[in-house]
Every structure is written in structure tokens, then in C-alpha cells.
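Colleague: have a look at this prediction, sequence included:
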Amino acid sequence: MKKVVNTVGILFVIFMAIVTIFPFVYMVLAGLMTYQEAVSIPPTLIPANPQFINYDLVFAKAPFIRYFFNTVFVSLTTTAGILVTSVLAGFALVKLEFKHKNLVTLIMVSLLMVPYESIVFTNFLTIAKLQLIDTYWALIIPSLASVFYIFYLQNYLKSIPSSYYKAAKIDGCGDIEFIGKILIPLTKPALVTVGILSFISGWNSFLWPLLVTNQKELRLLNNGLSAFTTESGSDVHLQMAAATLTIIPIIIIYLVFRKQIIQGVAKNGIKG
């Protein structure tokens, strides 16, 4: 009976994996098809003659290189900001003692319950009053800190013995020096996870860039892809090729750093 259950479980996992992966595989293949193959009924699964020229046409019809630059720049900048603010805030909440610490923690926890849609327009009004619409600052500033990642690192930092911090203070080590030389090396798996997840979040952002940018030169990939889909009309094969361009970097990042992501999520920290 146990073998039957295990077999059924394995078959179910394989089935769900196929269901999950198939749309992405078909998207890549459709990006190499001709227009007739992409819209044929029944659908063509494998292109008879891969059309790599589709990607040349995509770059010719829309400035995807510019979209790539914008997305990479904004994602890297916001990721760096999130790492810095999360480490400093997490360190303060775990290792430092200050007045109303519990109240600050309570307020931050309550912020996690506020839907993103309810604050996005408040952020927009703030950015508009600062006259930052249609600038890189508008894309970057609201994403330089994240309460979610602060609490994620806080839980990880709790696993580091307080004796490390006390011993460092006795030796004359300042807080910044302790963070740089001791805390960051010990929390590397968690920091890698935060960095990757925040980069992916920035890469996939759509609503906020759509609100604060009007110029074509400031579009991010997802906004550029949406505009390209509208402008290209019925060229399904080109739309598939453009969509493939947007996901390949993320897949590569995941494949390269998958072990670090698993380690960070598993919280393999030092327990005190």
C-alpha cells in the first residue's frame, strides 16, 4: 500500500511539473515559429524551421535593450537599498535596546497587513509633489526598504548568539564594524535569498513603473512588453519571442543561486 501511495505521489508531482513547465516551454518554441505556425489550429508544438530572426525583428520594432538596461539598473539599485536597510533595521531590532522598541515592532508588523494597492496612490502623490515623475528616482525610492525582508532577516539574526555581539563590544568593536565583519558573513545565506527575491520582485514590477513613467525611454521590461504586445498587433510569434526575452535572465539567476535560496529559506543559521 505504501509503495502505491508513493508511486501515485511521484506521478502527481511529475504531472504538476509538466503542467507548470509546459506554458514556458511552449512560449520559447512559439517565439521561434513563423506566424502561420504560431496561429495554426491545432497548434504547432515544434517549429519546422526555427526562426531566430524573430528576435532581430523584436529588437528592431522596440528598444528592448533600453528596457533591459532600465530594469537591471532599477532592480540592482533597489536590491542594494533593501539589503542595507534590512540589515541595519534587523540588527537594531534584535541586538540593540531602545525605548519603545516593542511599539516600533508592532507598528512595523501592522504595516505588513496593509494592502499594496491602498498605499500605491499615496506614494504616487508623494512622488508627484517631489516632482520626480518620469525619473529613475521615482522608480527607485519607494522600493529602497521592505518591512517583509526586515522581519525575515530579524528572525534569522535571532539565531546568532548575543554573546558574539557582547564579546565584540568588549573588544572595542563598533556596531557598523560588527555588522560588516561578523553579522554579514554569518547571515550570507539569508542575504543572498533577500537579494535574489528582491531583484526578481524589481524585475517583475509593473504597476508602479506604469504609474510614474510616461516616457518610452524609462519603461521597464514588463511595461515595454505590454506596450509591444499592443503595438505588434497580431504578430503572436514576435510577442512570444519578446516574452521569452523577459524571463530568460530570471531563470538563469534562479538556476545559478538555487542552493543559496534553499539554504536561506531553510534558515540554516547558528543557534544560540
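Modeller: Here it is on my side, so go on.
Colleague: need phi/psi at P189.
Modeller: Per-residue torsions, P189: phi -60, psi -40 (degrees, to the nearest 10).
Colleague: if I look at it, how far off is S146?
Modeller: Note on P189: its distance to S146, by Cβ to Cβ, to the nearest Å, is 18 Å. Backbone N, C-alpha and C define where each C-beta goes, glycine included.
Colleague: so how far is F52 from L112?
Modeller: Distance of L112 to F52, computed by Cβ to Cβ: 46 Å.
Colleague: what kind of secondary structure is M113 in?
Modeller: Following DSSP: H, G, I helix; E, B strand; the rest coil, we place M113 in the coil state.
Colleague: sorry, slip of the keys, the one I care about is N49.
Modeller: coil.
Colleague: residues contacting the spatially closest residue to it that is not a sequence neighbour?
Modeller: Spatially, and ignoring its direct neighbours in sequence, N49 is nearest to T34 (7.9 Å; Cβ to Cβ, 6 or more residues apart in numbering). By Cβ atoms under 8 Å, 6 or more residues apart in numbering, the contact set of T34 is 47, 49, 51, 237.
Colleague: out of these, who's the most crowded?
Modeller: Neighbour counts for the contacts of T34, by other Cβ atoms under 10 Å, peak at H237, which reaches 24 neighbours.
Colleague: in the stretch 51-200 of the chain, which spans are helices?
Modeller: 53-61, 64-95, 101-111, 116-129, 136-140, 147-157, 162-170, 175-178, 184-186, 188-204 (DSSP state H, counting those that start in this stretch).
Colleague: tabulate the ones you listed (TSV), appending mean neighbour count, mean pLDDT and distance to N214.
Modeller: As requested, the helices of the stretch 51-200 of the chain are exported to TSV (neighbours: other Cβ atoms under 10 Å; pLDDT from 0 to 100; distance: least, Cβ to Cβ, whole Å):
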stretch	mean neighbour count	mean pLDDT	distance to N214
helix 53-61	16	89	20
helix 64-95	19	92	14
helix 101-111	12	85	29
helix 116-129	12	87	12
helix 136-140	19	94	11
helix 147-157	20	87	29
helix 162-170	13	85	48
helix 175-178	15	88	40
helix 184-186	13	87	39
helix 188-204	20	88	20
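Colleague: and those helices: which comes nearest S232?
Modeller: Across the helices of the stretch 51-200 of the chain, S232 has its closest neighbour in helix 53-61 (6.6 Å, Cβ to Cβ).
Colleague: tell me what the closest one is packed against?
Modeller: Helices and strands touching helix 53-61, by 3 or more Cβ pairs under 8 Å, 6 or more residues apart in numbering; DSSP states H and E, are helix 221-231, helix 236-266.
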